[in-house]
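In: model the following, please.
(2 chains)
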Amino acid sequence: MKKRRQLSRGVAIVGAGMSKFGMFKDKDSKDLFAEAFNGMMASVDKGMDPNEIEALYLGNFSSDFFMHQSHWGPIISDLIGLTPKPATRTEGACASSALAFREGVFAIASGFYDMVLVGGVEEMSKRTTEEVAEGLALATVPYEGRVGFTFPGVFGAVATAYFAKYGANREHLMNVTIKSHNNAPLNPKAQFPLTIRDMMDAKMASAQKRGLPVPEWSDEKDFLKDPKANPAVAWPMHLFDCCPISDGASCMLLVGEEIAKNFTDDPIYVAGIGQGSGRGFHASPDLTYFEATRYAADEAYGMSGLTPDDVQFSEVHDCFSIAELLHIEDLGFFKQGEGYKAVADGATRLDGPKPINTSGGLKCKGHPVGATGISQLYEVWTQLKGKAGQRQVPIKDLRIGGAHNLGGTGGTCTFTILERR
Amino acid sequence: MEERPFSDISYEKFLNEEKLMGTRCKGCGTQYVPPRSICVDCYGSDMEWIEMNGRGRLAAFTCINIPPPFMIAQGYNRKNPYCTGVVELEEGARVDARIEGVDCGKPEDINVGMPLKVKYLHRDEGEKRETYLAFEP
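Out: This next block holds a predicted model:
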């Protein structure tokens, strides 16, 4: 019988913050984390004393490579005045800060600490695109890199397998992209707060202004099919199927459940938490799902006693458009092979029955890899607190949301369910 | 057959000699390509080398327009993309491999499921000689 894992003490989130995501010439990792930390402090309804933070868990994928600076735990600990208290860095590629969150949850649940800060940071935009691609490729498995796979390449291959098995096509991927871009302008932290239509209009206006032939596109899909506007990166992945290169930071304040109300009348609780590991894509049992996501989901559902239907909305790791389709199936929101139909029917829109990536997702919010996991949880927390402004999920009595984070080519996957009681 | 360690280094050496090799667990018969030294089915470690027949089918692929630095050095770029993918061998295992002899200008015409046979791509000579596993129609 499957073991049902439980926390021995409840854990609550009483504050959260994130920097704006983007490409920042004049800000470094410390500046970004300071922005997230200040946001977190301001978010604690009844206030908090930073001197009470007992430890830091920090997700960071590869500042070693991107910034030639490793060992970020103590650097950030010093930045926010936590030294000499312990600081621990976690690494799980693009899921690095979901692992920091998990370690923080376990540290509180064990009773060892009452209050910890968990966060993530990554600074990527000061490298060239080729260098970033090389850095990210460090998280593929060796056989993939050897034959020339890049990250977009692996997900391109996933897409061809999915297309062949279920009859989906590029237009179905475009539905994901268009949906994410519709949500992004409603998120003030997003790197690309523009709809596809906004971008079409801007390109037409720019051509007109410069006296060049004005491109004509009948609709968003017509634009996305235009190889000049949306060139191939790793077929069938095109530019608008891929998340951007980003800088950013995120953090959250975790406390023991029984003291949560000292900080807010409205704490958000950890209902379920799961993590899995995966083999290389080639060795997966099936090329159209991620084994590690399914394992993480089982663990989180098992712990919480909740089902996929109970999760009212979710952030999922849309590093590439095709990935979002796999995740919404792996998490059980839609049947396998039917995710693309649900997206086409509008089920995942902000006003749909199962809103997905209300933040704009990695595609539009940005993907500073080490900061992403906790930024997803930040979005879920913000929605559950009813503080998402224009992008607030319009479901009555919003109570339960999920966040799915994926690292590498499915090597590290997490799923976390948060709950407002 | 061969007295070589059941490792990725041996796998690469065999490719260099134009042999696609995997391992088989003598205890339970499970086959692994690329090789494993520990059987993750029965946790036996008594393995033997087996040679694949080099035939398979395309399981997934991509045509890469933005290559990593080592592929740029081989002359690939936006205007000269290359195909790489996953091949399901007749023996059952799947391997990552370059896909040759297909037109990356028309990726819509490359079909998952198409039959392929092994090809070995060699670069440099002597000590520096490297081999990339590839398949072609």
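
In: phi first, then psi, for residue 61.
Out: Just going to use chain A. phi -80, psi -60 (degrees, to the nearest 10).

In: look at chain B instead
Out: Here is the backbone geometry of B:Phe61 (degrees, to the nearest 10): phi -160, psi 170.

In: nearest residue to it in space, please, no chain neighbours.
Out: Leaving aside its sequence neighbours, B:Phe61 sits nearest to B:Gly85 (Cβ to Cβ, 6 or more residues apart in numbering or on different chains; 3.2 Å). Quick note: C-beta positions are derived from backbone N, CA and C, even for glycine.

In: contact partners for the one you found?
Out: Contact analysis of B:Gly85 by Cβ atoms under 8 Å, 6 or more residues apart in numbering or on different chains lists A:157, A:160, B:58-62, B:96-97, B:99.

In: what does B:Ser37 give?
Out: For B:Ser37, counting by Cβ under 8 Å, 6+ apart, the contacting residues are B:5-7, B:23, B:45, B:47.

In: quick one, strands of chain B?
Out: Under the criterion DSSP state E, chain B carries strands at the ranges B:21-25, B:31-32, B:47-51, B:55-64, B:82-89, B:94-99, B:115-123, B:130-136.

In: would you mind listing the buried residues in the helix or strand of chain A with the lowest mean pLDDT?
Out: Ranking every helix and strand in chain A by mean pLDDT, DSSP states H and E puts helix A:129-137 at the bottom, with a mean of 82. Residues of helix A:129-137 classed as buried: A:132-137 (neighbour count, 16 or more other Cβ atoms under 10 Å in any protein chain shown).

In: indicate which one of the strands of chain B is closest to A:Ala109.
Out: A:Ala109 lies closest, by Cβ to Cβ, to one member of the strands of chain B: strand B:31-32, at 38.2 Å.

In: coming back round to it: make JSON lines from the strands of chain B and add mean pLDDT to it.
Out: What follows is these, written out as JSON lines (pLDDT from 0 to 100):
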{"stretch": "strand B:21-25", "mean pLDDT": "97"}
{"stretch": "strand B:31-32", "mean pLDDT": "95"}
{"stretch": "strand B:47-51", "mean pLDDT": "97"}
{"stretch": "strand B:55-64", "mean pLDDT": "98"}
{"stretch": "strand B:82-89", "mean pLDDT": "97"}
{"stretch": "strand B:94-99", "mean pLDDT": "97"}
{"stretch": "strand B:115-123", "mean pLDDT": "96"}
{"stretch": "strand B:130-136", "mean pLDDT": "95"}
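
In: quick one: closest of those strands to A:Leu377.
Out: A:Leu377 sits nearest to strand B:55-64 of all the strands of chain B, at 31.3 Å, using Cβ to Cβ.

In: between the contacts of B:Ser37, which is closest to A:Glu338?
Out: Among those, and counting by Cβ to Cβ, the member closest to A:Glu338 is B:Thr23, at 38.1 Å.

In: about what we covered before: which one of the strands of chain B lies closest to A:Ile178?
Out: Proximity to A:Ile178, assessed across these by Cβ to Cβ, is greatest for strand B:55-64 (22.5 Å).

In: show me what the closest one is packed up against.
Out: In terms of contacts (3 or more Cβ pairs under 8 Å, 6 or more residues apart in numbering or on different chains; DSSP states H and E), strand B:55-64 is packed against helix A:151-166, strand A:232-235, strand B:82-89, strand B:94-99, strand B:115-123.

In: can I get these in JSON lines including distance to A:Met303?
Out: Formatted as JSON lines, the helices and strands packed on strand B:55-64 follow (distance: least, Cβ to Cβ, whole Å):
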{"stretch": "helix A:151-166", "distance to A:Met303": "28"}
{"stretch": "strand A:232-235", "distance to A:Met303": "37"}
{"stretch": "strand B:82-89", "distance to A:Met303": "34"}
{"stretch": "strand B:94-99", "distance to A:Met303": "33"}
{"stretch": "strand B:115-123", "distance to A:Met303": "44"}
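
In: mark out where each domain of chain B begins and ends.
Out: B:8-51, B:55-136 (automatic domain parsing).

In: select, out of the helices and strands packed on strand B:55-64, the one closest to A:Ala342.
Out: Proximity to A:Ala342, assessed across those by Cβ to Cβ, is greatest for helix A:151-166 (12.2 Å).

In: and stretch A:345-352, end to end?
Out: Its start and end residues considered, stretch A:345-352 measures 9 Å (Cα to Cα, to the nearest Å).

In: end to end, how far does stretch A:105-121 reach?
Out: From the first residue to the last, stretch A:105-121 extends over 19 Å; the measure is Cα to Cα.

In: now the angle from the lengthiest helix in chain B to strand B:21-25?
Out: In chain B, with assignment by DSSP state H, the single longest helix is helix B:8-16. With axes from the mean of the first three to the mean of the last three Cα atoms, to 10 degrees defining the directions, helix B:8-16 sits at 130 degrees from strand B:21-25.

In: the contacts of B:Ser37: which two are farthest apart?
Out: Largest separation among the contacts of B:Ser37 by Cβ to Cβ: B:Ser7 and B:Ser45, giving 12.7 Å.

In: so for A:Lys261, which of the helices and strands packed on strand B:55-64 sits nearest?
Out: The closest of the helices and strands packed on strand B:55-64 to A:Lys261 is helix A:151-166. By Cβ to Cβ, the value is 43.3 Å.

In: quick one: contacts for the closest residue to B:His122 other than its chain neighbours?
Out: The spatially closest residue to B:His122, leaving aside those adjacent along the chain, is B:Thr131, at 5.3 Å (Cβ to Cβ, 6+ apart). Going by Cβ under 8 Å, 6+ apart, B:Thr131 touches B:12, B:15-16, B:18, B:120-123.

In: if you rank those by neighbours, which is first?
Out: If you count neighbours using other Cβ atoms under 10 Å in any protein chain shown, the busiest of the contacts of B:Thr131 is B:Leu15, which has 22 neighbours.

In: surely it is in contact with B:Tyr120?
Out: Yes. B:Leu15 lies in contact with B:Tyr120 (Cβ atoms under 8 Å); the separation is 6.4 Å.

In: so for these two, which residues contact both of them?
Out: Joint contacts of B:Leu15 and B:Tyr120 (Cβ under 8 Å, 6+ apart) are B:131-133.

In: okay, strands next: where are they in the stretch 1-150 of chain A?
Out: Using DSSP state E, counting those that start in this stretch, the strands of the stretch 1-150 of chain A run over A:11-18, A:55-59, A:87-90, A:115-123.
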